[in-house]
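*Asks:* Model the following, please.
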Amino acid sequence: SLHKTIFLWSSITPFFLRGSFSSSVTTYNSWLVHVGGQDSMRVIGFFPDPHVFAFYLGLITPLSCTLYVHTKHKFWILVTITLIITDLLTFSRGGYIALFSGLLLYIAISWKKMRASTKKIMFITLFSLVFFLLIPHNPITERLLSSCDTSDHSNTHRIFLWQQAFGEIIQRPLLGSGIGAYSAIIDPTANYRTPIYVHNLYLDITVELGLIGLVSFLAL
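*Replies:* As a prediction, the model looks like this:
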């Protein structure tokens, strides 16, 4: 059952995340997703949350594609397909966008160097993904389309967090609040493990490190 699965994962997590961080992750976890009218467990591996795992998968999937292009070993096709399916099951909408845009960019850059058989495999993979997303009542598609749902609590809460962050950035535009200090500004009673953040990488960096920190990050 879902309850037993969460309990099991909470028992395993401390081995990988250790002490207080593990406690924070299990207390404020985002392991469940409500899609298709029911709660489901997301694929998270041993990462703190499904979003970090999704971005990790998005980073290594093009590497798997490259290994196939250079070795011509079909094993890497199987690995790539497995990584894509796993990424989809994280139900991370940001992860979906990163995965699709990353694969399209990879294909655009590598297209001239690919053999005809590799191009065929890439085309079939992309066509299969698009066909899968067009299947009615598909939980992956429902999750992706929920990004445009103005009544979705996850969306409305993120918009509120972004507005809140913009207000703080206007007050401290150059240097920000300081690393890890934003949570104390939002909630002075919060301890250092309370997970208060903006849910947007660029705003998170800007609100704590200011525009100087954001420019430095973009330059890197």
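
*Asks:* helix or strand right after the helix or strand Y68 falls within?
*Replies:* If you go by DSSP states H and E, Y68 is part of helix 50-71. Downstream of helix 50-71, the next assigned helix or strand under DSSP H and E is helix 75-88.

*Asks:* sec struct for the nearest residue to I212 once chain neighbours are set aside, please.
*Replies:* Take I212 and drop its neighbours on the chain: the residue closest to it by Cβ to Cβ, 6 or more residues apart in numbering is L174, 5.8 Å away. Using the backbone N, CA and C atoms, a C-beta is placed for each residue, glycine as well. Applying DSSP: H, G, I helix; E, B strand; the rest coil to L174 yields a three-state assignment of coil.

*Asks:* Would you mind confirming that L174 is in contact with G213?
*Replies:* No: the criterion here is Cβ atoms under 8 Å, and L174 misses it with G213 at 9.2 Å.

*Asks:* re the thing from before, any chance you could list what contacts the helix holding Y68?
*Replies:* Residues outside helix 50-71 that contact it (Cβ atoms under 8 Å, 6 or more residues apart in numbering) are 30-31, 33, 42-45, 47, 73-74, 76-77, 79-80, 83-84, 86-87, 90-92, 94-96, 98-99, 102-103, 106, 110, 113-114, 118, 122.

*Asks:* Mind checking which of those residues are buried?
*Replies:* For those, a burial check counting by 16 or more other Cβ atoms under 10 Å picks out 30-31, 33, 42-44, 47, 76-77, 79-80, 83-84, 87, 90-92, 94-96, 98-99, 102-103, 106, 110, 114, 118, 122.

*Asks:* Restricted to strands, list those.
*Replies:* Here DSSP state E is the test, and the buried ones among the contacts of helix 50-71 give V33 as lying in strands.

*Asks:* what's the burial count for H153?
*Replies:* A count of neighbours around H153, defined by other Cβ atoms under 10 Å, yields 9.

*Asks:* scratch that, S146 is what I was asking about
*Replies:* Around S146 there are 17 other residues, counting by other Cβ under 10 Å.
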